[in-house]
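1. I would like the atomic coordinates for the input below:
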Amino acid sequence: MSQKPAMHGIPRPLVKLNQAFIVISVLLALLTGLHWILALPLAAGLSGLIFGYNPVIRLCSPLLTKPRSAYVLEDPEQQQFNQKIAVFCLAGGLVSFLAGWTIAGYIFTMMVGIAATVAILGFCIGCFIHYQWRMYTYRRKQAGLHK
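-> Predicted coordinates for the structure are as follows:
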């Protein structure tokens with residue numbers, strides 16, 4: 001497996017700004033009852049997954065005060081995995097609220113809000129899941145080689 005050069009990573013402050021955008025959107029949607037607010041981080045996340053252009057990250061890039069290489073760079077593959085989880089939960093929350101499934105809406109929305117908050121604080125749940133999945137597939141592959 002080839003590794004991408006470090007310059008292709010995403011500066012950690014931009015990742016944290018994206019997470020903060022999710023947290024703020026979730027809080028606003030839950031506190032105001034305006035569940036359409038969830039469509040904002042959902043659209044940004046979908047844009048990042050489909051087109052490779054996350055407007056939150058792109059619009060905040062000029063706020064970086066140092067060269068990219070001066071920041072801890074996050075793995076784009078890992079961030080894509082995390083974004084898929086966030087998009088799934090945001091979509092699940094928004095669709096649930098629109099369908100009148102309030103409990104499911106709160107569950108999906110709170111899951112993504114809590115995960116983004118915990119990530120801002122330093123523990124990435126998506127990273128943990130991704131690592132466990134990769135270890136599981138590696139062990140399965142290794143077990144298959146020894147049969």
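
2. state the distance from residue 30 to residue 58.
-> 27 Å (C-beta to C-beta, to the nearest Å). C-beta: built from backbone N, CA, C; applies to glycine.

3. and for residue 95?
-> Distance of residue 95 to residue 58, computed by C-beta to C-beta: 26 Å.

4. coming back round to it: the more surrounded of residue 30 and residue 58?
-> Legend: neighbour count by other C-beta atoms under 10 Å for residue 30 and residue 58, higher for residue 30 (19 against 13).

5. distance from the helix ranked longest in the chain to the middle of the chain?
-> The longest helix of the chain (DSSP state H) is helix 76-99. Centre-to-centre, helix 76-99 and its host chain are 8 Å apart (C-alpha atoms, centre = their mean, to the nearest Å).

6. okay, that helix in CSV with CA atoms only?
-> The C-alpha coordinates for helix 76-99 follow below in CSV (Å, rounded to 0.1, in the frame of the first residue of the first chain):
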residue,chain,number,x,y,z
PRO,A,76,-7.6,12.4,3.7
GLU,A,77,-8.7,8.7,3.5
GLN,A,78,-9.5,8.7,7.2
GLN,A,79,-11.3,12.0,6.9
GLN,A,80,-13.4,10.6,4.0
PHE,A,81,-14.4,7.7,6.2
ASN,A,82,-15.3,10.0,9.0
GLN,A,83,-17.3,12.2,6.6
LYS,A,84,-19.3,9.2,5.4
ILE,A,85,-20.3,8.4,9.0
ALA,A,86,-21.3,12.1,9.5
VAL,A,87,-23.2,12.3,6.3
PHE,A,88,-25.1,9.1,7.1
CYS,A,89,-26.1,10.3,10.6
LEU,A,90,-27.0,13.8,9.4
ALA,A,91,-29.1,12.4,6.5
GLY,A,92,-30.7,9.9,9.0
GLY,A,93,-31.5,12.7,11.4
LEU,A,94,-32.9,15.1,8.7
VAL,A,95,-35.0,12.4,7.0
SER,A,96,-36.2,11.2,10.3
PHE,A,97,-37.3,14.6,11.4
LEU,A,98,-39.0,15.3,8.1
ALA,A,99,-40.8,11.9,8.3
